[in-house]
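Asker: the sequence isn't on hand, but the structure is:
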Ligand SMILES: Nc1ncnc2c1ncn2[C@@H]1O[C@H](COP(=O)(O)OP(=O)(O)OP(=O)(O)O)[C@@H](O)[C@H]1O
């Protein structure tokens, strides 16, 4: 699907992965985070191939996918606690509730996630950014379904992350409220 594709990210930088529907943006992100295996090519983290140092890379990474990352059968609070446990880092209940509150969805915390709107589900997913310390954020359509206040919150959060020396790689069919970054056009 990809040929002659080469890019890098430095501290404080972000890249916008662009392309039409079906161009391969999600596939590229899934490959970069290790969920798909490339036929050829090399993915490196801090100059070393990702393959040999999977744990270091995983710890540095926060990947938020755009489809089934939030489980419908769990409540939002269960989603947060479960994803943290699967990630291998401890999150206290109070922290998880704090994250839901920051995203304005604490009142839905005990409701089955399947009952939430698309934007509320997206907010549950994004609340993981507050719980998972990670240098590299890989975000698939993070602005999809968000209302204006939530989009503003995410723009500010991304800005702060980059100012703190973080990096971000994201797809978005909408304009991204960040100073211009690089582009990976598919
Ligand atoms: N598991 C799969 N098996 C077969 N084909 C797949 C699979 N996943 C994706 N594809 C195909 O790969 C292509 C790229 O899909 P991908 O989801 O990466 O596109 P995208 O650029 O993220 O699209 P969109 O903007 O619509 O989200 C599509 O043609 C899709 O049908």
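Answerer: Perfect, thanks for sending it. None of the values given here were measured: they were computed from a predicted structure.
Asker: quick one: the helices in this protein, in order.
Answerer: 25-32, 54-60, 76-87, 93-102, 118-126, 148-163 (DSSP state H).
Asker: and these, which one's lowest on average pLDDT?
Answerer: Per-stretch mean pLDDT for the helices of the chain is lowest at helix 54-60 (a mean of 84).
Asker: who are the packing partners of that helix?
Answerer: If you count contacts as 3 or more Cβ pairs under 8 Å, 6 or more residues apart in numbering; DSSP states H and E, helix 54-60 packs onto strand 44-45. Any C-beta I mention is one placed from the backbone N, CA and C, and that applies to glycine too.
Asker: and the strand it packs on, what's its mean pLDDT?
Answerer: Mean predicted confidence for strand 44-45 is 91.
Asker: what's it in contact with?
Answerer: Outside of strand 44-45, the residues within contact range by Cβ atoms under 8 Å, 6 or more residues apart in numbering are 50, 53, 56-57, 60, 136.
Asker: which of those are buried? Put it as a PyMOL command.
Answerer: To isolate the buried members of these in PyMOL, using 16 or more other Cβ atoms under 10 Å:
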select buried, resi 50+57+60+136
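Asker: need the max-distance pair from the contacts of strand 44-45.
Answerer: By the measure Cβ to Cβ, 53 and 136 form the most distant pair in the contacts of strand 44-45, at 13.7 Å.
Asker: between the helices of the chain, which one is nearest to the ligand?
Answerer: Using Cβ to the nearest ligand atom as the measure, helix 25-32 is the one of the helices of the chain that comes nearest the ligand, at 3.3 Å.
Asker: from the middle of its chain, how far away would the closest one be?
Answerer: On the basis of Cα atoms, centre = their mean, to the nearest Å, helix 25-32 sits 12 Å off its chain's mean C-alpha point.
Asker: for it, name the packing helices and strands.
Answerer: Right, helix 25-32 is packed against strand 14-18, strand 167-171 by 3+ Cβ pairs under 8 Å, 6+ apart.
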